[in-house]
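K.L.:
model this:
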Amino acid sequence: MGINRQHWALAAVPLALALLAATGCESTPGARAKPAAAPSTSVARVCAKPAAGPAKAPAGAVTVDPAVVGDLAAKTKSSPPNTTFWLRPGKHRLDPDRYAQVIPKEGNRYLGAPGAVLDGRKKNQYAFGGTARNVTIRYLTVQRFVAPRDEGVVNHDSADEWVIEHATIQHNSGAGLMAGARQRVRASCLRDNGQYGMNAYKATGPISGLVVEGNEIVGNNTDDWEQRRKGCGCTGGIKFWAVNGADVRGNWVHDNRGTGLWADTNNNDFRIENNVLEANDGAALIYETSYNAVIRNNTIRRNNWVEGRREADRGDTFPYATIYLSESGGEPRIRARTNKIEVYRNVLENNWSGITLWENADRFCNSPANTSTGDCTLLVRDTDRCAKPAIATAPLYADCRWKTQRVDIHDNRFVLDKSVVKCTVKCDRMAVLANYGTYPDWSPYKGKLVADAITHKQHNRWHDNVYLGPWKFVAHDPSRILNSGQWQGAPYQQDAGSTFRAGDGG
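P.N.:
Sure thing, here's the model as predicted:
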């Protein structure tokens, strides 16, 4: 899984993008962005000011004693479902066995008193696991657990209908939190975890009805997995896999090492709105091999300075961007609240480039170039159907591909001041493009067919936007770099109704 990174010259290269927002701040070029000052817009500053839990045990609650090692797991085991547990102030510990963990029962509630911490001591892998539904965790700090890569500490087994509120999940290896269906994660601090703040992945199938609201998601991927496993596509503030229906709103996603929010492989029906995404080393937002989304009213700023600059310094000409839509588009045949990908009323300021729409001509079901190994589109569940000769004719010719189509980008404000970003080239682009197809030898998508389609035939439109600064535009392939007049003129005819002020990026 992860981005299939293919350069126009057909060499594999990393693709990093960023979704960014409002006013420019300074940072040291080539280094990780400094922690962002709180933006002037309303933002979820929950890590600095976490809400306090109940100072006394609620009526009927079971009190958990931090002085007794393993007390939380033992009392959970001996109590019936639907029990409320109140964790006293102090550092709570599990038994020292690496697999020791709390296995909640259905309807259990865990409430932390002020100062209550569940500490894995770098010995335990998991904090809360099992398959019980409707578990609630509030006002509790969970830290220093050592989950393996791609696994998580809280809700380790991706059980359904969990509620995580006013929690601090920090300094863990792997993912701080996994996700199940209809999970609610609200007003929590997901901070400085080794891989992800949250990994929204369930081995048994898609996740539906996920809500991520009002959280601060900061400093994750401390173990720098993209450098340890090149091209793994396995990092981010949050990674979403096969999530059907997600509301991601009102979060502050900042200073993560890598991408801020990354939806990868057969996600559908996302609303990403009213977030502040800033100072992430990579893209603010990647929406990859997925469908049907609304991305609106976000403040996106100073993203992708590290990864974008690194690739530019290597001589890469690919238009790395802040919002990266890779093989993703609107599909009316898949049920969702929209049948497009609509990007509107966002402010993108002083990011490394803007929005790139990309489609890899060699990436489709059953192709060795498909990094989402074994996965097919939501229109063709059986990967083996996408084979010669049937793939060369309808409906498989269209349906075996994840297509970047029906993308509507409008009423956004794109601001670029190169003196703030501290760049001279390659940080100033919007793009819609593909590579020329070459592989495998039985591919029906060879040559410029896909590049022609994404550029001219798949209903991808920019219009009614405001551009401040020296923006350039890339169409069809990386060699076609256009000014605003060429971008608006034939044959591209993009950005009707938009305004351009090239000298006013400050």
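
K.L.:
and S372, that's in a strand?
P.N.:
No - using DSSP: H, G, I helix; E, B strand; the rest coil, the assignment for S372 is coil, not a strand.

K.L.:
Which pLDDT value goes with it?
P.N.:
Looking at S372, its pLDDT reads 70.

K.L.:
Count residues in the vicinity of it, would you?
P.N.:
Using other CB atoms under 10 Å, S372 has 22 neighbouring residues. Bear in mind the C-beta positions are built from the backbone N, C-alpha and C, glycine included.

K.L.:
and what of T377?
P.N.:
23.

K.L.:
what's near enough to touch it?
P.N.:
For T377, the contacting residues are N266, T289, C365, D399, C400, R401, W402, by CB atoms under 8 Å, 6 or more residues apart in numbering.

K.L.:
now do P444
P.N.:
I391, A392, Y397.

K.L.:
rewinding a little: just give me the closest of the contacts of T377 to N346.
P.N.:
Distances from N346 to these, taken as CB to CB, are shortest for T289 (22.1 Å).

K.L.:
State the number of residues packed around that closest one.
P.N.:
T289 has 28 neighbouring residues, counting by other CB under 10 Å.

K.L.:
nearest residue to it other than its sequence neighbours?
P.N.:
Sequence neighbours aside, W402 is the residue nearest to T289 in space, at 4.3 Å (criterion: CB to CB, 6 or more residues apart in numbering).

K.L.:
cool, and N268?
P.N.:
In space, N268 is closest to Y291, 4.4 Å off (CB to CB, 6+ apart).

K.L.:
who does the one you found bridge with?
P.N.:
Under DSSP bridges, the beta-bridge partners of Y291 are N268, G329.

K.L.:
for P368, helix, strand, or coil?
P.N.:
Here P368 is coil, with the state taken from three-state DSSP.

K.L.:
Phi first, then psi, for it.
P.N.:
When read as degrees, to the nearest 10, the backbone of P368 gives phi -60, psi -20.

K.L.:
so what's it up against?
P.N.:
Counting by CB under 8 Å, 6+ apart, P368 has contacts Y439, P440.

K.L.:
So which residues of the protein form helices?
P.N.:
Secondary structure of the chain (DSSP state H): helices at 71-78, 225-228, 305-313, 396-399, 418-421, 449-452, 484-488.

K.L.:
so A496 makes contact with N465?
P.N.:
No - in this structure A496 lies outside contact range of N465 using CB atoms under 8 Å: 10.0 Å.

K.L.:
Looking at these two, which one has more neighbours?
P.N.:
Higher neighbour count among A496 and N465: N465, with 25 against 11, using other CB under 10 Å.

K.L.:
That one and D408, how far apart?
P.N.:
In this view, N465 and D408 are 11 Å apart by CB to CB, to the nearest Å.

K.L.:
list residues touching both of those two?
P.N.:
Common neighbours of N465 and D408 are not found (criterion: CB under 8 Å, 6+ apart).

K.L.:
what about the chain, any weak spots by pLDDT?
P.N.:
Applying pLDDT under 70 to the chain flags residues 1-42, 504-506.

K.L.:
Let me see the contact set for W442.
P.N.:
Shown in contact with W442 (CB under 8 Å, 6+ apart): A387, K388, I391.

K.L.:
Next, work out how far apart the last one and I334 are.
P.N.:
Meaning I391. Going from I391 to I334 by CB to CB gives 20 Å.

K.L.:
Of the two, give the one with the bigger neighbour count.
P.N.:
Taking neighbours as other CB under 10 Å, I391 and I334 compare with I391 leading, 22 against 16.

K.L.:
The more buried one contacts Y397, doesn't it?
P.N.:
Yes - between I391 and Y397 there is a contact at 6.3 Å, judged by CB under 8 Å.

K.L.:
Quick check: phi and psi on G315?
P.N.:
When read as degrees, to the nearest 10, the backbone of G315 gives phi 90, psi 10.

K.L.:
burial count for it?
P.N.:
So G315, with other CB under 10 Å, has 7 neighbours.

K.L.:
I'd assumed N460 was in contact with K403.
P.N.:
No - taking contacts as CB under 8 Å, K403 lies outside contact range of N460: 10.0 Å.

K.L.:
so what sits against both of those two?
P.N.:
G329, I454.

K.L.:
For N435, which of the helices of the chain is the nearest?
P.N.:
That would be helix 449-452 among the helices of the chain, by CB to CB, at 7.2 Å.

K.L.:
Name the residues of that closest one that come out as buried.
P.N.:
In terms of neighbour count (16 or more other CB atoms under 10 Å), helix 449-452 has its buried residues at L449, V450, A451.

K.L.:
Stretch 296-303 now?
P.N.:
Those would be R296, N298, T299, I300, R301, R302, N303, for stretch 296-303 by 16+ other CB under 10 Å.

K.L.:
how far away is the fifth one from L357?
P.N.:
It refers to R301. As judged by CB to CB, R301 and L357 stand 21 Å apart.

K.L.:
Near E213, how many other residues are there?
P.N.:
18.

K.L.:
which residues of the stretch 351-500 of the chain fall in strands?
P.N.:
Secondary structure of the stretch 351-500 of the chain by DSSP state E, counting those that start in this stretch: the strands cover 355-359, 407-410, 413-415, 429-434, 461-463, 466-468, 472-476, 481-482, 499-501.

K.L.:
To clarify, my last question referred to the stretch 201-350 of the chain.
P.N.:
Using DSSP E, counting those that start in this stretch, the strands assigned to the stretch 201-350 of the chain run over residues 207-213, 216-218, 236-240, 243-249, 252-254, 261-264, 268-273, 276-278, 285-288, 291-296, 299-301, 323-326, 341-344, 347-349.

K.L.:
Can I get the ones you listed in JSON lines including distance to H92?
P.N.:
Output for the strands of the stretch 201-350 of the chain, formatted as JSON lines (distance: least, CB to CB, whole Å):
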{"stretch": "strand 207-213", "distance to H92": "26"}
{"stretch": "strand 216-218", "distance to H92": "23"}
{"stretch": "strand 236-240", "distance to H92": "26"}
{"stretch": "strand 243-249", "distance to H92": "31"}
{"stretch": "strand 252-254", "distance to H92": "28"}
{"stretch": "strand 261-264", "distance to H92": "31"}
{"stretch": "strand 268-273", "distance to H92": "35"}
{"stretch": "strand 276-278", "distance to H92": "33"}
{"stretch": "strand 285-288", "distance to H92": "36"}
{"stretch": "strand 291-296", "distance to H92": "40"}
{"stretch": "strand 299-301", "distance to H92": "37"}
{"stretch": "strand 323-326", "distance to H92": "41"}
{"stretch": "strand 341-344", "distance to H92": "44"}
{"stretch": "strand 347-349", "distance to H92": "43"}
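
K.L.:
Out of those strands, which gets nearest to M198?
P.N.:
Of those, nearest to M198 by CB to CB is strand 236-240, at 4.7 Å.

K.L.:
wait, W225 sits on C232?
P.N.:
Yes - in terms of CB under 8 Å, W225 counts as a neighbour of C232; the distance is 6.0 Å.

K.L.:
more neighbours, these two?
P.N.:
Neighbours were counted for W225 and for C232 using other CB under 10 Å; W225 has more, 22 against 17.
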